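*Asks:* Give me a model of this one.
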Amino acid sequence: MSRSATTGLGRRRALVLTAVGVLGAFVVIPHLLQHLDQFLATGLIVALAATAGAWFASRTGLATPIIDAALMRQRFARRVPSTVALAIAVGVIGSLAVVVLDVLVFAPLTPETKAIATPPLWTGALAAVYGGLTEEIVLRYGAMSLLAWLCLKVVPGPAAYWAAIVGASLVFGVVHLPPSAAVLSLTPVLITRTIVLNGLAGVAFGWLYWRRGLEAAMVSHGAAALILHVTVPAIGV
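*Replies:* All right, here's what the predicted structure looks like:
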C-alpha cells in the first residue's frame, strides 16, 4: 500500500472511531442538552485519541484489522467468529478474576462498598457499550498506542508492548477514581482497589489489542462490563 493510501486509510479509520466513540458517550450521558459541555469534551477527547491512535498504531504494529478490511472493502467475515470467541472468553475470565479478587481481598477491607445502592441493570448495559467503545478508543487505541511508540524507542520487542499495556492499564484504573469518589470517600485502600481491579481488566484488554486488534479489545471490554455491571449485581454478589 502506498504512503498516500495508508494516510487516507488512517484518516478514514480515525473518523469511524471518532463516530463510534461519540456514540458510546451519547448512550451514557443523560439529558444531553443539560450536559452538553461534558458531551462535547468527551467527543474532543475521543477525536484526539482516534487521530493520535491512527498515527501511532501504524508505527507500532498495533492494528484494527476488521475495521481496516471493511474500509478497504475486503472480506473480513471469516475473521469475526474467532476474534469474538477469544474476546468474549478473555472478558469472562478477566471479569471473574476481578470478582474473585474483590471478594477475597478487597471486600473485607472496604465494607462501605456494600452500602452503595445498586443502579438499574439497564444502566450497566449502557455502561458496557460506553466501556467497549469509548474507553477502548481512548485508553487502548490512543493511550496504549502512544505508549507503545515511546517504549519501542527505549525497550526492544515484547517488553515495550507489555510496558505500554501496563501503563495504559494504570491510566485506565486512575480514570475510574472520580466516579468512585462521587459515591464514596476515597481512602488509600479504596484507591488501590479501584486501580488494581480496573487495571487487571485493562491488562487483558491491552493484550488483546496487541495480539488480535482493537476490535477484540472492544468486544472483550463490553463482555466483561456486562458481567460486572449487569450479571453480578443481578445475582447479588
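*Asks:* Nearest residue to the middle of the protein?
*Replies:* residue 136 (3.0 Å; CA atoms, centre = their mean).
*Asks:* so which helix or strand takes in the closest residue to that residue other than its chain neighbours?
*Replies:* Leaving aside its chain neighbours, residue 136 sits nearest to residue 218 (4.6 Å; criterion: CB to CB, 6 or more residues apart in numbering). From N, CA and C alone the C-beta is placed, and that goes for glycine too. Using DSSP states H and E, the element containing residue 218 is helix 214-226.
*Asks:* So which other helices or strands are in contact with that helix?
*Replies:* Packing contacts for helix 214-226, counted by 3 or more CB pairs under 8 Å, 6 or more residues apart in numbering; DSSP states H and E, involve helix 65-71, helix 79-101, helix 121-130, helix 188-212.
*Asks:* which residues touch the closest residue to residue 223 other than its chain neighbours?
*Replies:* In space, and not counting its chain neighbours, residue 223 is closest to residue 91: 3.3 Å by CB to CB, 6+ apart. Shown in contact with residue 91 (CB atoms under 8 Å, 6 or more residues apart in numbering): 204, 219, 220, 221, 222, 223, 224, 227.
*Asks:* after the helix holding residue 218, next one along is what?
*Replies:* Downstream of helix 214-226, the first helix or strand assigned by DSSP H and E is helix 232-235.
*Asks:* Give me the contacts around stretch 80-89.
*Replies:* 66, 208, 212, 213, 215, 216, 217, 218, 219, 220, 223.
*Asks:* Now pLDDT and neighbour count too, for those, in a markdown table please.
*Replies:* As requested, the contacts of stretch 80-89 are exported to a markdown table (pLDDT from 0 to 100; neighbours: other CB atoms under 10 Å):
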| residue | pLDDT | neighbour count |
| --- | --- | --- |
| 66 | 95 | 21 |
| 208 | 98 | 27 |
| 212 | 96 | 21 |
| 213 | 97 | 21 |
| 215 | 98 | 23 |
| 216 | 98 | 28 |
| 217 | 98 | 31 |
| 218 | 98 | 29 |
| 219 | 98 | 24 |
| 220 | 98 | 31 |
| 223 | 98 | 21 |
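*Asks:* Pipe these into CSV and attach distance to residue 26 per row.
*Replies:* Shown next, in CSV, are these (distance: CB to CB, whole Å):
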residue, distance to residue 26
66, 22
208, 25
212, 27
213, 24
215, 20
216, 24
217, 21
218, 16
219, 20
220, 22
223, 21
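*Asks:* Give the phi and psi angles for residue 29, as a check.
*Replies:* With angles defined as degrees, to the nearest 10, residue 29 sits at phi -100, psi 110.
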